[in-house]
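Undergrad: turn this into a structure:
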Amino acid sequence: MNKMLAIIAVVLAIFCLILGIIFLIAAIDATSRILTSGAFLITAGLLLAYGLSTLRRIAETSPEHLETGAVELAKQLEGEVTVEQLQVAYSIPAALAKQTLERLRAKGQCQLEQRGDYAVYLFKSVLPAKAVKRCPYCGSEFAVRSAVRKCPNCGAALEITKE
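TA: Numbering: from 1, shown residues only. Reported below is the predicted structural model:
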């Protein structure tokens, strides 16, 4: 309904803009038409502002845009997003934020974890991969930046693996 009203407002704004320009051109010979032209141009500006801002807001709160935004927010917040964080970031109701995160969870893009009194949605796909040097025989782990190339416990060559 809002989308239809916004589209009608934009169409009416274009019509008022055309009439305003016609009356402005006609006002060159008769100055009495300047007020009519001004009224049409102001009306066109108001209708256009309402229509475009409404259409922009509808696009920003579309399910696809919110899902993409939730993943981007997860990248910024180290893979963890709460309903409240998504709600604040996009100025949307809590129910819409929860619905968006639940849709992503149903698609398998995130997991729900309870942490005390609040729920956290964990996006493992956006977490940076942690690499470690690991011994294939005894399982000992070492930092990738360490100079160790052989396992000090068993002497096997260490392999770099991502977790």
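Undergrad: state the pLDDT value of residue 163.
TA: We note a pLDDT of 65 for residue 163 in this prediction.
Undergrad: and stretch 144-153, end to end?
TA: 17 Å (CA to CA, to the nearest Å).
Undergrad: what separates the spatially most central residue of the chain from residue 76, distance-wise?
TA: Computing the C-alpha centroid of the chain and ranking residues by CA atoms, centre = their mean puts residue 69 first, at 2.3 Å. Here residue 69 is placed at a distance of 11 Å from residue 76 (CB to CB, to the nearest Å). Every residue, glycine included, has its C-beta placed from N, CA and C.
Undergrad: my guess is the residue nearest to the centre of the chain contacts residue 92. True?
TA: No. Assessed by CB atoms under 8 Å, residue 69 is found out of contact with residue 92, at 9.7 Å.
Undergrad: so what's in contact with those two at the same time?
TA: residue 86 (CB atoms under 8 Å, 6 or more residues apart in numbering).
Undergrad: doesn't residue 124 make contact with residue 80?
TA: No. When contacts are counted by CB under 8 Å, residue 80 is not listed as touching residue 124 (10.2 Å).
Undergrad: which of the two has more neighbours?
TA: Neighbours per residue, other CB atoms under 10 Å: of residue 80 and residue 124, the larger number sits with residue 80, 17 against 10.
Undergrad: after the biggest helix by length in the chain comes which helix or strand?
TA: In the chain, with assignment by DSSP state H, the single longest helix is helix 34-60. Later in the chain than helix 34-60, the nearest helix or strand by DSSP states H and E is helix 63-76.
Undergrad: contact partners of that next one?
TA: Where contact means CB under 8 Å, 6+ apart, the residues beyond helix 63-76 that reach it are 59, 80-81, 85-86, 89-90, 92, 96-97, 100-101, 103-104, 109-110, 121, 123, 126.
Undergrad: repeat the analysis, applying 7 Å as the threshold.
TA: Identification of contacts with helix 63-76 by CB atoms under 7 Å, 6 or more residues apart in numbering yields 59, 80-81, 85-86, 89-90, 100-101, 103-104, 123, 126.
Undergrad: the inter-axis angle of it versus helix 34-60?
TA: Angle, helix 63-76 to helix 34-60, by axes from the mean of the first three to the mean of the last three CA atoms, to 10 degrees: 60 degrees.
Undergrad: many thanks, we can stop here.
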